[in-house]
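Visitor: any chance you could fold what I've pasted below:
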Amino acid sequence: MNAHLFDVYPIYEIEPVEGKGCYIKDKKGVEYLDFYGGHAVISIGHAHPHYIKRITEQLNKIAFYSNSIVNRLQEELAERLLHLSGMTGYRLFLVNSGAEANENALKLASFHTGRRKVIAFKRAFHGRTSAAVNVTDNPKIRALINDGFPVEFKCFKEDCCIFESLQNRDVAAVIIETIQGVGGIHMPSVSFLRRLREECTKTGTVLIADEIQCGYGRSGYFFAFQMAGIQPDIISVAKGMGNGFPIGGILIAPQFKASYGLLGTTFGGNHLACAAALAVLEVIEQEKLVQNAKSMGDYLLSSLKKIKGIADVRGMGLMIGLEFEKPIKFLRDELLFEHKIFTGNSSNPNVLRLLPPLTITEREANQFLNGLQEVIQKIHQHES
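Guide: I've put the predicted structure just below:
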């Protein structure tokens with residue numbers, strides 16, 4: 001712990017100083033397999049040559065200026081993102097982070113409907129800013145000043161009273177992670193998503209899809225909600241969008257009216273951020289990373305389901321949760337320190353979260369699978 005830093009995270013005493021592809025090296029030269037991607041941020045791998053080239057070229061031109069002037073890179077990014085994702089007709093508003101994206105999505109929904117109430121879901125995580133944390137299912141991180149509008153937390157069950165609540169026509173928005181990340185990798189059924197879309201349309205409720213962690217190809221679709229063939233009214237994105245460069249945004253359906261001063265940002269969509277985001281989209285398209293996420297995800301999921309000792313395997317593409325009967329801290333530490341593999345945890349202490357770069361190969365998948373099997377065997381031997 002550094003005495004000069006505000007202590008908000010439990011820190012592993014590892015200092016990455018270099019990365020390439022799906023691997024990082026610490027200051028001692030020890031190499032680690034990155035099966036967590038820094039919270040699903042590293043989408044195209046560390047230090048991708050095209051990414052470095054794009055950012056460097058832009059840095060030598062102009063890195064930032066006000067959003068009150070023309071920025072062609074924003075237009076190029078919006079056009080390419082909408083084309084690649086299939087969300088034709090939507091418009092893009094750029095910000096700096098996922099929390100900020102959700103903050104603006106909720107605000108826009110309230111402006112659009114004239115309503116205050118929001119429905120979110122149990123285990124949800126949408127960020128730590130004022131409105132975003134209010135729809136996050138964790139009272140411990142909500143301050144007294146965050147309770148600015150009424151929120152109901154529902155579940156993904158089709159017989160849940162969420163649909164009854166919508167009939168009152170007082171709900172501004174339903175915000176949903178198509179695949180819950182921090183909550184431990186949970187996802188609604190296709191039929192639930194389709195019915196939710198129908199009921200929101202009937203009641204004039206804005207449907208917000210939080211694709212901050214599950215979007216950008218991670219699920220094997222460009223956006224995870226596409227598995228249900230639906231179109232949300234607002235889509236929030238961030239994390240993998242910039243491969244480590246801070247950028248986020250919301251994709252806004254055609255029915256929303258824009259007016260000056262309604263939304264705004266100082267740093268959002270700056271030249272350097274747009275160059276990073278364009279590089280990510282170009283690599284995703286050129287290297288067919290959405291398809292790779294699906295094929296490698298299928299390979300991992302089928303392989304993991306054969307390993308004894310895992311209580312449940314769930315997820316899609318390269319967003320996978322492994323639930324065990326006991327907390328995974330020891331298992332995660334063994335993977336990290338003995339096998340040099342980074343993985344993630346979740347709000348459920350029994351769930352190991354896997355969010356590797358979309359570029360992983362079968363060789364890297366097998367490296368993880370072998371390490372995991374050895375650690376599970378070690379735990380069983382120790383317990384017996």
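
Visitor: separation between the residue lying closest to residue 53 once chain neighbours are set aside and residue 3?
Guide: Residue nearest to residue 53 in three dimensions, not counting chain neighbours: residue 279, with 7.8 Å by C-beta to C-beta, 6 or more residues apart in numbering. All C-beta spots, glycine's among them, are computed from the backbone N, C-alpha and C. From residue 279 across to residue 3, the span is 38 Å (C-beta to C-beta, to the nearest Å).

Visitor: more neighbours: the two, which one.
Guide: For the pair residue 279 and residue 3, the greater number of neighbours falls to residue 279 (24 against 5), based on other C-beta atoms under 10 Å.

Visitor: mind naming the longest helix for the chain?
Guide: Within the chain, and with DSSP state H defining each element, the longest helix by residue count is helix 362-383.

Visitor: what's it packed up against?
Guide: In terms of contacts (3 or more C-beta pairs under 8 Å, 6 or more residues apart in numbering; DSSP states H and E), helix 362-383 is packed against strand 31-34, helix 289-304, helix 329-337, strand 341-342.

Visitor: can you give me the buried ones in that helix?
Guide: 364-365, 367-369, 371-373, 375-376, 379 (16 or more other C-beta atoms under 10 Å).

Visitor: nearest to residue 132, of these?
Guide: Using C-beta to C-beta, residue 368 comes nearest to residue 132 of the buried residues of helix 362-383, at 31.6 Å.

Visitor: isn't the closest one right up against residue 32?
Guide: No. If you go by C-beta atoms under 8 Å, residue 368 and residue 32 don't touch, sitting 11.4 Å apart.

Visitor: what touches both of the two?
Guide: With C-beta atoms under 8 Å, 6 or more residues apart in numbering applied, the overlap between the contact sets of residue 368 and residue 32 consists of residue 341.

Visitor: thinking again about what came up before, so the residue nearest to residue 53 is in which element?
Guide: Remark: residue 279 resides in helix 271-286, with elements defined by DSSP states H and E.

Visitor: max-length strand in the protein?
Guide: Secondary structure assigned by DSSP state E gives strand 171-177 as the longest strand of the chain.

Visitor: how about the CA coordinates for it, as CSV?
Guide: Output of strand 171-177 as CSV, limited to C-alpha atoms (Å, rounded to 0.1, in the frame of the first residue of the first chain):
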residue,chain,number,x,y,z
VAL,A,171,-41.3,3.8,-15.2
ALA,A,172,-38.8,5.9,-17.2
ALA,A,173,-36.4,3.1,-17.9
VAL,A,174,-35.5,-0.5,-17.5
ILE,A,175,-31.7,-1.0,-17.4
ILE,A,176,-30.3,-4.5,-17.9
GLU,A,177,-26.9,-6.1,-18.3
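
Visitor: and that strand, what does it pack against?
Guide: With contacts defined as 3+ C-beta pairs under 8 Å, 6+ apart, the packing partners of strand 171-177 are helix 98-113, strand 117-121, helix 162-166, helix 190-203, strand 206-210.
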